[in-house]
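>>> Structure for this input, please:
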Amino acid sequence: MKFETLGLNKALLEAIAMTGYTDPTDVQMRAIPEVLAGSDVLVSAQTGSGKTAAFMLPALQLLAEPHKVAPSDKGAGPRVLVLTPTRELAMQVTKATETYGRKMKRVRTVSIVGGMPYPLQNRLLKMGVDILVATPGRLLDQMQSGRVDLSRVQMLVFDEADRMLDMGFKDDIDAVVAKVPADRQTLLFSATLDNNITAMAGNMMKNPVRIDVSGHKTRHENIEQRLLYADDLSHKNRLLDHLLRDTEVQQAIVFTSTKRAADDLALDLIGQGHAAGALHGDMKQGARTRTLENLKRGRLRVLVATDVAARGIDVQGISHVINFDLPRQAEDYVHRIGRTGRAGRSGIAISLANVRENFQVKLIERFTTQMIPVITIDGLEPKQKVFDRKPPGKTFNRKGPPSNNRGSHSNNAGAGNSGGGSGKAAGAWSKEGGDKRSSFSKSSLGKPAFSKSSAPKPGFVGKALPAAAPKGEAPGGWKKASHFAAK
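Coordinates of the predicted model:
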């Protein structure tokens, strides 16, 4: 299916063509016709699925027709209101509006977010606005000051509604909804459609069309997920430094659990020679904007961020996501790793954990219904014992006699031709003696090659590099740990 079949006008199709996109994503293909038909829609879609265009393209088409209520009668308030949980996501939506509306005659888009000076926002609002993109708290402030008139709103959009509820914006949202016309069209986009979201939709939507494109159980096929165990903070720092020195890391986002930890870790990485910067909610808007701009321009190779601040980051050069601290909520894991592997690209997500966080790891695996493979790095293996883990919802049945080398690691996964045949080093997967434990080794953080047979695939190399590679050289030597054995 092409964009031409969705019912979009000529100006929007020309703007889409200028972006280079030819085929709509699944969420765009299913949501756009429903929105153009005037239906309320309740959409479950993960980050990176193209959901911004799914609501912004119909919103722009709405503006192509004159409003039935003239501005002189009801003021110069917006016709489209988009609520987002964070400043960064608001900026992303605003940019998308400018991109897809470039061929339209006149579309004024204003972003109202916290951290932005009030005098500047006041001047922008006085000039009139067609599309208002805002965070709930700052919008409510401007409404209470009498500077925002929502009586002309025809379309109300909630982007990442689940995060807004998590951040405690429920009362602010109710106050905003009370001021928009009852005959509006409402679009609600969320990563998950849990009971809270369903209840929220029931209070403010009229017979919504439910579109479940990709819930939290959708497998991130283009994102390779890995788990590294660390004994303590010092060990975790050494692992992180080793990972970031790999030449395959183009740009990485490193997630921490607190704002202070983000600042401290960014300073540590800078001291180690990494081009790093921090991003969190306590930073002023100007500093956050500069940091994101440096990341997009490639001046930053490593961004250390908190969950809330990273919402809305859409940088296609992000090759790796590293969870320095595990997320408090399993849902956040899905949002975190969704920062890589965007627009059809591949990505790598690595989580660092200690053995006391096994329960947290299990919650993530249960939520995603996927087991995160455990890896180790030569010379940086954890000293603490890591207990065998079972995939969520599955059990392994032992076949054949038990092996005496439980938990051993193979440094010779690829036998025979050490040249790799094609000159490409890759990993080899093997299953020995019918016992569901595996050996794996790899010389970089690239994607491994898997073999279903018990013998290693010919032509693949399993040679491991030393852990403490000098600066400027690509370290490697990470290998798959044998934690799949059944008890």
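
>>> any idea how far the most centrally placed residue in the chain lies from residue 223?
With distances taken as Cα atoms, centre = their mean, residue 338 lies nearest the centre of the chain, 2.7 Å away. According to Cβ to Cβ, to the nearest Å, residue 338 and residue 223 sit 8 Å apart. Placement of C-beta: from N, CA and C, glycine included.

>>> cool, and residue 182?
Taking Cβ to Cβ, one finds residue 182 at 42 Å from residue 223.

>>> One more: residue 263?
In terms of Cβ to Cβ, residue 263 sits 27 Å off from residue 223.

>>> got the residue ranges for the helices in the stretch 301-450 of the chain?
307-310, 330-337, 358-368 (DSSP state H, counting those that start in this stretch).

>>> a markdown table for the ones you listed, including distance to residue 50, mean neighbour count and mean pLDDT?
As requested, the helices of the stretch 301-450 of the chain are arranged in a markdown table below (distance: least, Cβ to Cβ, whole Å; neighbours: other Cβ atoms under 10 Å; pLDDT from 0 to 100):
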| stretch | distance to residue 50 | mean neighbour count | mean pLDDT |
| --- | --- | --- | --- |
| helix 307-310 | 19 | 23 | 71 |
| helix 330-337 | 16 | 23 | 84 |
| helix 358-368 | 21 | 17 | 89 |
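
>>> With distance to residue 316 as new columns, can the ones you listed be given to me in CSV?
Shown next, in CSV, are the helices of the stretch 301-450 of the chain (distance: least, Cβ to Cβ, whole Å):
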stretch, distance to residue 316
helix 307-310, 15
helix 330-337, 15
helix 358-368, 23
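
>>> Nearest to residue 253, out of these?
Closest approach to residue 253 among the helices of the stretch 301-450 of the chain is made by helix 307-310 (6.4 Å; Cβ to Cβ).

>>> re the thing from before, between residue 263 and residue 223, point out the one with more neighbours.
Taking neighbours as other Cβ atoms under 10 Å, residue 263 and residue 223 compare with residue 223 leading, 19 against 16.

>>> now the helices for the stretch 151-300 of the chain?
Going by DSSP H, counting those that start in this stretch, the stretch 151-300 of the chain shows helices at 161-166, 170-177, 195-204, 233-244, 259-271, 285-296.

>>> List the buried residues in the fifth one.
Within helix 259-271, the residues that count as buried by 16 or more other Cβ atoms under 10 Å are 259, 261-263, 265-266, 269.

>>> what pLDDT, on average, does it get?
For helix 259-271, the mean pLDDT works out to 94.

>>> do the same with the third one
This predicted structure assigns helix 195-204 an average pLDDT of 87.

>>> From residue 196, how far out is residue 210?
In terms of Cβ to Cβ, residue 210 sits 16 Å off from residue 196.

>>> could you say what helices and strands the helix or strand in which residue 81 is found packs with?
Using DSSP states H and E, residue 81 falls within strand 80-83. Counting contacts by 3 or more Cβ pairs under 8 Å, 6 or more residues apart in numbering; DSSP states H and E, strand 80-83 is packed against helix 51-63, strand 131-134, strand 155-159, helix 170-177.

>>> List the strands paired with that strand, with their directions.
Using DSSP bridges, strand 80-83 pairs in its sheet with strand 131-134 (parallel), strand 155-159 (parallel).

>>> Contact partners for residue 150?
Residue 150 makes contact with 77-78, 81, 143, 176, 179-180 under the criterion Cβ atoms under 8 Å, 6 or more residues apart in numbering.

>>> Only the buried members of those: can you turn that into a PyMOL selection?
Command for PyMOL that selects the buried part of those, burial taken from 16+ other Cβ under 10 Å:
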select buried, resi 77+78+81+143+176+179+180
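
>>> Output the contacts of residue 150 in CSV, with distance to residue 364 and pLDDT appended to each entry.
Listed next are these as CSV, based on distance: Cβ to Cβ, whole Å; pLDDT from 0 to 100:
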residue, distance to residue 364, pLDDT
77, 43, 88
78, 39, 94
81, 34, 97
143, 39, 93
176, 33, 94
179, 39, 94
180, 37, 95
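
>>> Looking at the contacts of residue 150, which are in strands?
Per DSSP state E, strands hold the following members of the contacts of residue 150: residue 81.

>>> Distance of residue 13 relative to residue 3?
Applying Cβ to Cβ to residue 13 and residue 3 gives a distance of 6 Å.

>>> ok, these two, which is more surrounded?
Just comparing residue 13 and residue 3: by other Cβ under 10 Å the higher neighbour count belongs to residue 3, 20 against 16.

>>> residues contacting the more buried one?
Contacts here follow Cβ under 8 Å, 6+ apart; on that basis residue 3 touches 13, 16, 21-24.

>>> quick one: low-confidence parts of the stretch 201-350 of the chain?
Low-confidence segments of the stretch 201-350 of the chain (pLDDT under 70): 214-220, 309-312, 343-344.

>>> any weak-confidence spans in the stretch 51-200 of the chain?
Ranges of the stretch 51-200 of the chain meeting pLDDT under 70: 69-75.

>>> Beyond the strand holding residue 81, next helix or strand please.
Past strand 80-83, the next helix or strand by DSSP H and E is helix 87-100.

>>> and that next one, what other elements does it pack with?
Judged by 3+ Cβ pairs under 8 Å, 6+ apart, helix 87-100 is in contact with helix 10-19, helix 51-63, strand 109-112, strand 131-134, helix 285-296.

>>> what packs against the longest one?
Using 3+ Cβ pairs under 8 Å, 6+ apart as the contact test, the elements touching helix 51-63 are helix 10-19, helix 26-36, strand 80-83, helix 87-100, strand 155-159, strand 185-190.

>>> do that again at 7 Å, thanks
Applying 3 or more Cβ pairs under 7 Å, 6 or more residues apart in numbering; DSSP states H and E, we find helix 51-63 packed against helix 10-19, helix 26-36, helix 87-100, strand 155-159, strand 185-190.

>>> and which of the contacts of residue 150 is nearest residue 292?
Distance to residue 292, by Cβ to Cβ, is smallest for residue 81 among the contacts of residue 150, at 24.0 Å.

>>> beta partners for that closest one?
residue 132, residue 156.

>>> Surely it is in contact with residue 153?
Yes. Contact between residue 81 and residue 153 holds when scored by Cβ atoms under 7 Å: they sit 5.0 Å apart.

>>> what sits in contact with each of those two?
Common contact partners of residue 81 and residue 153 (Cβ atoms under 7 Å, 6 or more residues apart in numbering): residue 180.

>>> Tell me which residues touch residue 19, please.
Applying Cβ under 7 Å, 6+ apart to residue 19 gives the contacts residue 99.

>>> Oh, that last question was meant for residue 354, not what I typed.
Contact analysis of residue 354 by Cβ under 7 Å, 6+ apart lists 229-231.

>>> One more: residue 45?
27, 51, 189, 213-214 are the contacts of residue 45 under Cβ under 7 Å, 6+ apart.

>>> okay, the helices of the stretch 151-300 of the chain, which one's buried deepest?
By mean neighbour count, with neighbours taken as mean count of other Cβ atoms under 10 Å, helix 161-166 ranks first of these at a mean of 22.

>>> Counting by contacts, list what that one packs against.
Using 3+ Cβ pairs under 7 Å, 6+ apart, the elements in contact with helix 161-166 are strand 185-190, helix 195-204.
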